[in-house]
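Asker: below is the sequence, then the predicted model.
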Amino acid sequence: MTNAALQQVLSATGYMAEGEAAPGVLLGDEARLSRRGRSFTPDALWRGQSSLTVYFKFTSSPPAEADLAAWRQEIWNEGFAPLLWIVSPNRIDLYNGFGRPRPEADPAQNRLATFLTIASELEELDALAGRFAMETGQFWIKTKQVDRKTAVDQQLLSDLAVLERDLVV
């Protein structure tokens, strides 16, 4: 079962309805088992029809920067998770899953926004990145910082193009 604070956030943003997971949402052990053999273990996830995935991680306090950087690196390497939500009892930090990880200042550089777990800010979060915003594409219109061009597969293609240009010349 998921934590009460996480359930509140998931309910306020449409990922849970009437205490049940919405379509595409995996909670608890189901979410953790979907990532077998990896170090980052989400407490919930939502997978859309296009395989884009939003990960939710509950922490009782903000995670250490090294842990967060490792989680982001792992998510970025997958190439299909535009968002990582770090949910704590008092706030939600939203991170760009497509933003290329950097060795220094990674958490601050790829944090999109922070929301408090109060009704007005949960409404803002829902409008920005709730399930409806993700399913209808509204998220992509409102958030220009999350760009598929910075996802791992696009970065690899770019690196290969540079290598090809160097080898051919």
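Answerer: Looks like it arrived, so ask away. Computed from a predicted model, the values in this text were never measured in an experiment. Numbers count the residues shown, from 1 in each chain.

Asker: so where do the strands sit in the chain?
Answerer: 16-17, 20-21, 25-27, 44-47, 53-58, 83-87, 91-96, 111-116 (DSSP state E).

Asker: and the fifth one, what does it pack onto?
Answerer: When you say that, I think you mean strand 53-58. helix 4-12, strand 44-47, helix 65-78, strand 83-87 (3 or more Cβ pairs under 8 Å, 6 or more residues apart in numbering; DSSP states H and E). (C-beta placed from N, C-alpha, C; glycine too.)

Asker: now the angle from that strand to helix 4-12?
Answerer: 150 degrees (axes from the mean of the first three to the mean of the last three Cα atoms, to 10 degrees).

Asker: and the helices and strands packed on strand 53-58: which comes nearest residue 127?
Answerer: Proximity to residue 127 (Cβ to Cβ) singles out helix 4-12 among these, at 11.0 Å.

Asker: avg pLDDT for that closest one?
Answerer: Average pLDDT, helix 4-12: 95.

Asker: equivalent analysis for stretch 48-60, please.
Answerer: On average, stretch 48-60 scores 91.

Asker: what's the span of that stretch from first residue to last?
Answerer: Start-to-end span of stretch 48-60 (Cα to Cα, to the nearest Å) is 27 Å.

Asker: so where is this structure shaky, pLDDT-wise?
Answerer: By pLDDT under 70, the low-scoring segments of the chain are 1-2, 36-37, 103-107, 144-167.

Asker: any idea how many residues pack against the closest residue to residue 92 other than its chain neighbours?
Answerer: Closest residue to residue 92 apart from its sequence neighbours, by Cβ to Cβ, 6 or more residues apart in numbering: residue 115 at 4.7 Å. When neighbours are counted by other Cβ atoms under 10 Å, residue 115 registers 23.
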